[in-house]
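Engineer: give me a 3D structure for the following:
(one chain, ligands or ions: 3)
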Amino acid sequence: MRNFFKKNLKKFPKLFTFLKKYPLRFYRNIKLQELEFPRQIWIENTNHCNASCVMCPRELQTRSKSIMSFDLYEKLIIEISKYPHLVERVHMHNFGEPLLDKKLVERIKLAKDHGIKHVYFVTNASLLNSKNALNLIKSGLDEFKISFYGVNESTYNSTMKDLDFNITLNNVRNFFDLRKSLKATKPKVVLQLIPQSLNDANLEKEWVNLFKEYLDDEIGDRFNFYQLHNFGDGRDYVETMDHNIRNTCKFPWNTMVILQDGSVTACCLDYDGQINLGNVNEQSIYDIWNGEKYKKIRADFKKLNYKDYKPCQKCNFPVD
Ligand SMILES: C[S@@+](CC[C@H](N)C(=O)[O-])C[C@H]1O[C@@H](n2cnc3c(N)ncnc32)[C@H](O)[C@@H]1O
Ligand code: SF4
Ligand code: SF4
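Structural biologist: Ligands and ions are numbered 1, 2, ... in the order given. Coordinates of the predicted model:
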C-alpha cells in the first residue's frame with residue numbers, strides 16, 4: 001500500500017513534495033517518543049584504525065586519535081546500568097577498529113558484570129587471532145558484526161586496503177571453529193557484505209560459499225547484505241534530494257554516540273565529531289540527553305532544518 005502511494009504520487013511531484021513536507025512530516029513527528037535515556041549507546045573505544053577502506057571517510061578525520069580512558073568508560077557503564085529498562089544495547093565501537101584497543105575484553109566484561117543486556121561491536125576481524133577469539137568468547141559478548149568485502153586477495157585487498165584477505169579469512173573461520181569446539185552459544189556473528197564492493201553480482205554466491213558451512217543458525221549467526229551510503233557528508237555514493245523534503249532523522253530520539261574523548265554526537269556517521277551535543281567528562285549521559293543541545297537538535301530535525309549540522313547536509317539516511 002505504502003509503495004503504491006509512493007509510486008503513484010511520484011507522478012505528481014508537486015503534490016508529493018507538499019504531502020511529504022507537511023501532512024506526512026506532521027504524522028511522523030507526532031509518533032516520535034521523547035525518552036528519558038537513549039535506547040542505544042555507542043561508545044567509541046578508539047578511533048584508530050589499521051585499514052584504509054575505500055568507502056570509509058577515514059582520510060577526512062581531523063580530530064585527534066586515541067583510546068578512551070578506562071576510568072571514563074567505567075563511569076559511563078555505571079550510569080548506563082541504572083537504566084536497564086530503557087537501554088537495549090551498547091555498542092563498543094564507533095569510527096575505528098575496536099580490536100586495536102587492548103582493553104576491549106576488559107570493557108566487555110565490565111559491561112556484562114553491570115548487567116548490560118546486549119553488548120555488541122563491529123570489526124574488520126583482521127586482529128581476530130586465536131587469543132582474541134578465545135578471550136571474546138569468554139568475555140560475555142552477545143554479538144558482533146564482521147565487515148568482510150571480497151572473495152579473493154584482489155577483490156578484498158583493493159577494497160579493505162592495508163588488510164590481508166588470507167589472514168582475515170583464517171581468523172573468521174578459526175573463530176567459528178573455536179566457538180564450536182568450546183560449545184559456546186555466544187557471541188552470535190553477523191557477516192556483512194556490501195555487494196557493490198565486489199563490482200560483480202556473480203561473486204556474491206562465491207562470498208556466501210566462503211562462510212556458509214561455518215554459520216550456526218541455532219546461535220543466530222546470519223549474513224547481512226548492506227549498501228553503500230554517503231557516511232554523512234564523507235562520501236558521494238547516493239544523490240540526496242532537496243533538503244526540504246527529507247524526513248526527520250530519528251537518531252536524536254533513540255541513540256547517543258560518545259566519542260573516545262568524551263564528546264557526544266548524534267550518530268555514527270559524524271566521523272569527525274562536528275555535531276557537538278556535550279561532553280561526558282563534564283556532564284552525565286542523562287543531563288546531556290535531556291539538555292538544551294539535544295532539545296534544539298530534535299526541534300530542528302522536526303522542522304527538517306539541518307543547516308546547523310554539517311554532516312547531515314549530504315546524509316542520505318533521512319531520505320525516503
Ligand atoms: C566505520 S566501520 C567501524 C568498524 C570496523 N572498523 C569495520 O570496518 O567493521 C563501521 C561499518 O561501516 C561500514 N562502512 C564504511 N563506509 C561505508 C559506506 N560508505 N557505506 C556503507 N557502509 C560503510 C564498514 O564496512 C563497517 O561495517
Ligand atoms: S570501514 Fe572500518 S576498517 Fe575500514 S577504514 Fe573504516 S573504520 Fe577502518
Ligand atoms: S541526518 Fe545523517 S548525519 Fe545527521 S544525525 Fe541523521 S544520520 Fe546522522
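Engineer: contacts for stretch 201-213, please.
Structural biologist: With contacts defined as CB atoms under 8 Å, 6 or more residues apart in numbering, stretch 201-213 is touched by 148, 150-151, 155, 169, 172-173, 191, 193, 195, 198, 223, 225. (Glycine included, C-beta is placed from N, CA and C.)
Engineer: if we use 6 Å, what do you get?
Structural biologist: Residues outside stretch 201-213 that contact it (CB atoms under 6 Å, 6 or more residues apart in numbering): 151, 191, 193, 195.
Engineer: so for it, mean pLDDT?
Structural biologist: The predicted model gives stretch 201-213 an average pLDDT of 95.
Engineer: got CSV for the contacts of stretch 201-213, with neighbour count, distance to L110 and pLDDT too?
Structural biologist: Converted to CSV, the contacts of stretch 201-213 look like this (neighbours: other CB atoms under 10 Å; distance: CB to CB, whole Å; pLDDT from 0 to 100):
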residue, neighbour count, distance to L110, pLDDT
V151, 22, 38, 97
L191, 22, 27, 98
L193, 23, 32, 97
P195, 16, 37, 95
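Engineer: so which of these sit within strands?
Structural biologist: Under the assignment DSSP state E, the contacts of stretch 201-213 contribute 191, 193 to strands.
Engineer: restricting to the contacts of stretch 201-213, which residues neighbour ligand 1?
Structural biologist: Here nothing survives when the contacts of stretch 201-213 are matched to ligand 1 using CB under 6 Å from any ligand atom.
Engineer: quick check, nearest of the contacts of stretch 201-213 to E218?
Structural biologist: Of all those, E218 sits closest to L191, with 16.2 Å by CB to CB.
Engineer: list the contacts of that closest one.
Structural biologist: Neighbours of L191 in contact, by CB under 6 Å, 6+ apart: 146, 211, 223.
Engineer: what's the burial count for the first one?
Structural biologist: Okay, so that is I146. By the criterion of other CB atoms under 10 Å, I146 has 20 neighbours.
Engineer: quick check: phi and psi at it.
Structural biologist: Dihedral pair for I146: phi -110, psi 130, per degrees, to the nearest 10.
Engineer: show me what contacts it?
Structural biologist: 125, 191.
Engineer: the stretch 101-250 of the chain against ligand 3: which residues are in contact?
Structural biologist: Residues of the stretch 101-250 of the chain lying near ligand 3 (CB under 6 Å from any ligand atom): 232, 249.
Engineer: quick check, the residue in the stretch 101-250 of the chain closest to ligand 3?
Structural biologist: Here the stretch 101-250 of the chain gets closest to ligand 3 at one residue, C249, 3.2 Å apart by CB to the nearest ligand atom.
Engineer: quick one: secondary structure of the residue nearest to that residue when sequence neighbours are not counted?
Structural biologist: Leaving aside its sequence neighbours, C249 sits nearest to P318 (CB to CB, 6 or more residues apart in numbering; 4.1 Å). The three-state label given to P318 by DSSP: H, G, I helix; E, B strand; the rest coil is coil.
Engineer: wait, what's in contact with P318?
Structural biologist: By CB under 6 Å, 6+ apart, the neighbours of P318 are 246-247, 249.
Engineer: show me what the helix or strand harbouring A111 is packed against.
Structural biologist: Counting by DSSP states H and E, the element that carries A111 is helix 104-113. On a contact count with 3 or more CB pairs under 6 Å, 6 or more residues apart in numbering; DSSP states H and E, helix 104-113 meets helix 70-80, helix 130-139.
Engineer: which residues touch the residue positioned nearest the centre of the chain?
Structural biologist: When the chain is reduced to its mean C-alpha position, the nearest residue by CA atoms, centre = their mean turns out to be C268, at 5.6 Å. By CB under 6 Å, 6+ apart, the residues touching C268 are 42, 94, 257.
Engineer: could you save these as JSON lines and add columns showing distance to F16 and neighbour count?
Structural biologist: Converted to JSON lines, these look like this (distance: CB to CB, whole Å; neighbours: other CB atoms under 10 Å):
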{"residue": "W42", "distance to F16": "34", "neighbour count": "22"}
{"residue": "N94", "distance to F16": "35", "neighbour count": "25"}
{"residue": "V257", "distance to F16": "32", "neighbour count": "25"}
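Engineer: of those residues, closest to H114?
Structural biologist: Nearest to H114 among the contacts of C268: W42, at 17.0 Å, using CB to CB.
Engineer: show me the shaky parts of the stretch 1-150 of the chain.
Structural biologist: 1-10, 17, 19-21 (pLDDT under 70).
Engineer: mind running it again at 90?
Structural biologist: 1-31 (pLDDT under 90).
Engineer: out of the helices and strands packed on helix 104-113, which comes closest to D162?
Structural biologist: Here helix 130-139 is closest among those (CB to CB), at 18.5 Å.
Engineer: tell me which residues of that closest one are tucked away?
Structural biologist: 132-134, 136-137, 139 (16 or more other CB atoms under 10 Å).
Engineer: residue ranges for the helices of the stretch 101-250 of the chain, please.
Structural biologist: Counting by DSSP state H, counting those that start in this stretch, the stretch 101-250 of the chain has helices at residues 104-113, 130-139, 153-159, 165-181, 203-211.
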